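Novice: The following block contains a protein sequence and its predicted model.
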Amino acid sequence: MRLRNIPRAEGVLKAHPIVVKDEKMHKGKWKQEFGSGNPIHIEIGMGKGSFLLEMAERNPKIDYIGIERYSSVLLRAVEKYEERQGGEGLILIEEEKRPDFKIYEELPNIRFICMDAAAVTDVFAPGEIQRVYLNFSDPWPKKRHAGRRLTSRVFLDRYGKILTDNGTVEFKTDNSELFHFSLGEAESAGWRLTAHTWDLHKDERMNQGNVMTEYEAKFSGMGNPIHKLIAERQTLLSAGLPGNSNTR
């Protein structure tokens, strides 16, 4: 799908305090950015932000960072943030008419970054992130593009470098081929699959507390079952790999 460029997006994102501009300078310092000491969860490919905004509102003791590659898409997330705080959104904001922004007290536990997911190890330090959310990621259907899939071993290795011990990745999709691929990649990469389902909305346990994304609502409304997996990063000790004195 071709994205429509919105010329004003760059200016709005540059001005808004919810969007972190110097993300690499925050590596190892994200807890100071939030000033809370709370665990940090990130969503990669956050789209228009509905999922992350709802999660931040439901869980004030967790800090959330949304990552989106495209500025025109991230602009929509910023607008949703403004609307959620009772503002009028940013639809009419122009560079020369920009008001003074503030971070709203009602939702201080969220930040956005406009960046490519491949750079996560440049932005987050080892053990800095507790959970990674991947929701309806691009399936990259051609075999030669498998390494670009956000659940490939290439990306799982990157997540493993920033997650806490036994940190987790949660992935949702309606694409059965991508889900099957993702299950295999997680196991091959040495991650522990703690839970998975091929029909989330019919799985009472895994669906408990589920926050629907925009794509999830759309695809489930079309009758498509939603697949979900939770994979846990294993340490050398928990995986029983060389270096564990308790291995047999």
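Specialist: Happy to help now that I have it.
Novice: tell me which strands and helices the strand ranked longest in the chain is in contact with?
Specialist: What stands out as the longest strand in the chain, according to DSSP state E, is strand 163-173. Contacts defined by 3 or more Cβ pairs under 8 Å, 6 or more residues apart in numbering; DSSP states H and E place strand 163-173 against strand 129-135, helix 153-162, helix 176-188, strand 227-232. Placement of C-beta: from N, CA and C, glycine included.
Novice: Flag every buried residue along the second one.
Specialist: Burial within helix 153-162, assessed by neighbour count using 16 or more other Cβ atoms under 10 Å, is assigned to 153, 155-156, 158-162.
Novice: Closest one to residue 175 out of the residues you listed, please.
Specialist: When these are ranked by distance to residue 175 (Cβ to Cβ), residue 155 comes first, at 16.0 Å.
Novice: Next one: that closest one from residue 5, what distance?
Specialist: Look at residue 155 and residue 5: by Cβ to Cβ, to the nearest Å, they are 27 Å apart.
Novice: and residue 41, which of the three is it?
Specialist: strand (DSSP: H, G, I helix; E, B strand; the rest coil).
Novice: If you could redo that for residue 225, that was the one I meant.
Specialist: Under three-state DSSP, residue 225 comes out as coil.
Novice: Number the residues from 65 up from this point.
Specialist: OK, 65 is where the count begins now, so the last one is residue 289.
Novice: Quick check: phi and psi at the residue lying closest to it once chain neighbours are set aside.
Specialist: In space, and not counting its chain neighbours, residue 289 is closest to residue 263: 4.2 Å by Cβ to Cβ, 6 or more residues apart in numbering. When read as degrees, to the nearest 10, the backbone of residue 263 gives phi -150, psi 80.
Novice: wait, doesn't residue 263 sit right on residue 287?
Specialist: No. Counting by Cβ atoms under 8 Å, residue 263 does not reach residue 287; the two are 11.3 Å apart.
Novice: So those two - more neighbours on which side?
Specialist: Between residue 263 and residue 287, residue 263 has the larger neighbour count (other Cβ atoms under 10 Å), namely 14 against 7.
Novice: which ones are touching that one?
Specialist: Taking Cβ atoms under 8 Å, 6 or more residues apart in numbering, we find residue 263 in contact with 289-291.
Novice: center of this protein - which residue?
Specialist: residue 107 (0.8 Å; Cα atoms, centre = their mean).
Novice: which one of the contacts of residue 263 sits closest to residue 203?
Specialist: Residue 203 has its nearest neighbour among the contacts of residue 263 in residue 291, at 11.9 Å by Cβ to Cβ.
Novice: What's the local residue count around the closest one?
Specialist: Residue 291 sits with 21 neighbouring residues when counted by other Cβ under 10 Å.
Novice: Surely it touches residue 241?
Specialist: No. Counting by Cβ under 8 Å, residue 291 stays clear of residue 241, with 10.5 Å between them.
Novice: rewinding a little: tabulate the helices and strands packed on strand 227-237 in CSV, adding columns for distance to residue 186 and mean pLDDT.
Specialist: Conversion of those to CSV gives the following (distance: least, Cβ to Cβ, whole Å; pLDDT from 0 to 100):
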stretch, distance to residue 186, mean pLDDT
strand 193-199, 13, 98
helix 217-226, 10, 97
helix 240-252, 22, 97
strand 291-296, 23, 98
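Novice: Minimum distance to residue 282: which of the ones you listed has it?
Specialist: Proximity to residue 282 (Cβ to Cβ) singles out strand 193-199 among the helices and strands packed on strand 227-237, at 12.2 Å.
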